[in-house]
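[1] compute the structure for the input listed below.
(one chain, ligands or ions: 1)
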Amino acid sequence: MPGSDPAPGARAEGAAAPYDAVPYDAVPGGAARGVTAQRVSRRFGSVQAVEYMDFHAPAGKVTALIGPNGAGKTTLLLMLASLLRPDAGTIRIDGFDPVREHAAVRRKVGWMPDTLGVWDSLSAREILTQMARFYRLPAEGRGQRVSRLLHAVRLDALADQPARALSRGQQQRLSLARALIHDPSVLLLDEPASGLDPGSRVELRNLLRQLAASGKAVVVSSHVLSELDEIADGAVFVNQGRTVKQQTLEEAAQEGRRYSVTALDGAALSARLHEFGLVFRAEGGRRPSVSLVLMDDDDAASLLKRLVESGVGVVSFAPTTGALEETYMTLDAER
Ligand SMILES: Nc1ncnc2c1ncn2[C@@H]1O[C@H](COP(=O)(O)OP(=O)(O)OP(=O)(O)O)[C@@H](O)[C@H]1O
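    Numbers count the residues shown, from 1 in each chain. Sure, this is the predicted structure:
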């Protein structure tokens, strides 16, 4: 993709900050590349949508924004994108303030809302061309860039159809292309996988990984946690307008993963697990099964071996949730 459109007075950009260089419990200073928000609040009438929220998404990484319905994810993303003014707190996008340096932030940010919401009668190509004009991309090369983006999101064949004729999934792909038109350094994507079929989800995953690898800060809000495990390098969990937890995927994995074990004889399975001193819970279902948290793959392999060696007829033995989902469920249970 062509180089980014530098903001007037753009600052020198350092190397992408790896997650381990940026502690998740401490939001770094304003000059960091990527996105930082500190104690950001926003109220709508009597609803406190976001309250003292902290958020950090480094350049070169995919950061998941996770939380239940109404947690404040969209409100936070709108503030990061400079589309909504915070009541309080500090936001920096590659060091720029969305409130005071609004134009610079617009150039830095690619925003993909959860619904497309543009000019239904224009074609995908016309919409992207118009967006390229809005961002003042040079006329020379504009058509080529639009074609490349249409190809990247697999809309070449539908490029000249009116947008209203596109399916929900196709509109999502157009929305992503629109967010990328000006080669932003920060991508804010609200539920990007919503409406996508499994093949398109895999393509989205690969595209987001590539964009992060090219140095962009990619922020993805989603409810589909199993998917985020494959995409994200780190996650910020929010609930009721507040940040509840920030962690890397490695940290999440270190907290263990829930496995489901099914056996021919449920009583024998429970007896062995008791003998091994493991905490487990019985699960409903057609066959007797239990679930328990294991710390890593070695633990899982060794437990499976011991069960089989002790004569338990193990029918299935598999992780039930991803690392992020396990953290989410733990937070939910604590709440
Ligand atoms: N424009 C608005 N006017 C009034 N209340 C609003 C407005 N926007 C958001 N809210 C309220 O703020 C809270 C947070 O909403 P927000 O859309 O940010 O949540 P969310 O985490 O994105 O939810 P979802 O996962 O359902 O999309 C909700 O209680 C919502 O009703």
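[2] I'd like the distance between the residue lying closest to residue 40 once chain neighbours are set aside and residue 37.
    Nearest non-adjacent residue to residue 40, counting by C-beta to C-beta, 6 or more residues apart in numbering: residue 89, 3.3 Å away. For every residue, glycine as well, the C-beta is placed using N, CA and C. Between residue 89 and residue 37 the distance is 7 Å, computed by C-beta to C-beta, to the nearest Å.
[3] overlap in contacts, those two.
    Shared contacts of residue 89 and residue 37 (C-beta atoms under 8 Å, 6 or more residues apart in numbering): residue 53.
[4] which of these two has more residues huddled nearby?
    Using other C-beta atoms under 10 Å, the more surrounded residue of residue 89 and residue 37 is residue 37, with 24 against 18.
[5] distance of the nearest residue to the more buried one once chain neighbours are set aside relative to residue 242?
    Counting by C-beta to C-beta, 6+ apart, residue 37 lies nearest to residue 55, which is 4.1 Å off, once chain neighbours are set aside. Computed as C-beta to C-beta, the residue 55 to residue 242 distance reads 11 Å.
[6] more neighbours, those two?
    Applying other C-beta under 10 Å to residue 55 and residue 242 shows that residue 55 carries more neighbours, namely 24 against 17.
[7] what helix or strand is that one on?
    Using DSSP states H and E, residue 55 sits within strand 47-58.
[8] what do you get for residue 187?
    Element membership of residue 187, judged by DSSP H and E, is strand 186-190.
[9] with residue 121 instead?
    Counting by DSSP H and E, residue 121 is part of no helix or strand.
[10] what about it, distance to the ligand?
    From residue 121 over to the ligand the distance is 27 Å, taken as C-beta to the nearest ligand atom, to the nearest Å.
[11] other SSEs contacting the helix or strand of the chain with the lowest mean pLDDT?
    Lowest by mean pLDDT, DSSP states H and E among the helices and strands of the chain is helix 323-334, with a mean of 74. Judged by 3 or more C-beta pairs under 8 Å, 6 or more residues apart in numbering; DSSP states H and E, helix 323-334 is in contact with strand 62-66, helix 225-231, strand 234-239, strand 242-248, helix 249-254, strand 257-263.
[12] quick one, the helix or strand following the shortest one and strand 242-248 angle?
    Counting by DSSP H and E, the element after strand 62-66 in chain order, helix or strand, is helix 73-80. Angle of helix 73-80 versus strand 242-248, following axes from the mean of the first three to the mean of the last three C-alpha atoms, to 10 degrees, is 80 degrees.
[13] may I have the following helix or strand past helix 73-80 as PDB, with CA atoms only?
    Of the helices and strands lying after helix 73-80 in sequence (DSSP H and E), the nearest is strand 88-93. This file holds the C-alpha atoms of strand 88-93, laid out as PDB (Å, rounded to 0.1, in the frame of the first residue of the first chain):
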ATOM      1  CA  ALA A  88     -12.900  14.100  30.900                       C
ATOM      2  CA  GLY A  89      -9.600  12.300  30.500                       C
ATOM      3  CA  THR A  90      -6.700  12.200  28.000                       C
ATOM      4  CA  ILE A  91      -6.500  10.400  24.600                       C
ATOM      5  CA  ARG A  92      -3.500  10.200  22.300                       C
ATOM      6  CA  ILE A  93      -3.400   8.800  18.800                       C
END
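[14] now strand 88-93, how far from the chain's geometric center?
    20 Å (C-alpha atoms, centre = their mean, to the nearest Å).
[15] between the two ends of stretch 148-156, how far is it?
    9 Å (C-alpha to C-alpha, to the nearest Å).
[16] give me the residues contacting that stretch.
    Residues from elsewhere that reach stretch 148-156 (C-beta under 8 Å, 6+ apart): 1, 124-125, 128, 147, 159, 166, 170, 173-174, 176-177, 180-181, 200, 203, 207.
[17] next one: stretch 320-335
    64, 66, 68, 225-226, 228-229, 232, 235, 237, 239, 244-245, 247, 249, 252-253, 255-260, 291, 293.
[18] that one and the ligand in contact?
    No - residues of stretch 320-335 contacting the ligand under C-beta under 6 Å from any ligand atom: none, with a closest distance of 13.0 Å.
[19] next, the buried residues of that stretch.
    Using 16 or more other C-beta atoms under 10 Å as the test for burial, stretch 320-335 gives 321, 322, 323, 324, 325, 326, 327, 328, 330, 331.
[20] do stretch 232-248 as well
    Within stretch 232-248, the residues scored as buried using 16+ other C-beta under 10 Å are 232-239, 241-248.
[21] so what are the domain limits for this protein?
    Here the domain assignment for the chain is 19-248, 255-334, based on automatic domain parsing.
[22] got a list of what the residue nearest to residue 126 when sequence neighbours are not counted touches?
    On the basis of C-beta to C-beta, 6+ apart, the spatially nearest residue to residue 126 that is not a chain neighbour turns out to be residue 119, at 7.7 Å. Shown in contact with residue 119 (C-beta under 8 Å, 6+ apart): 126, 127, 130, 163.
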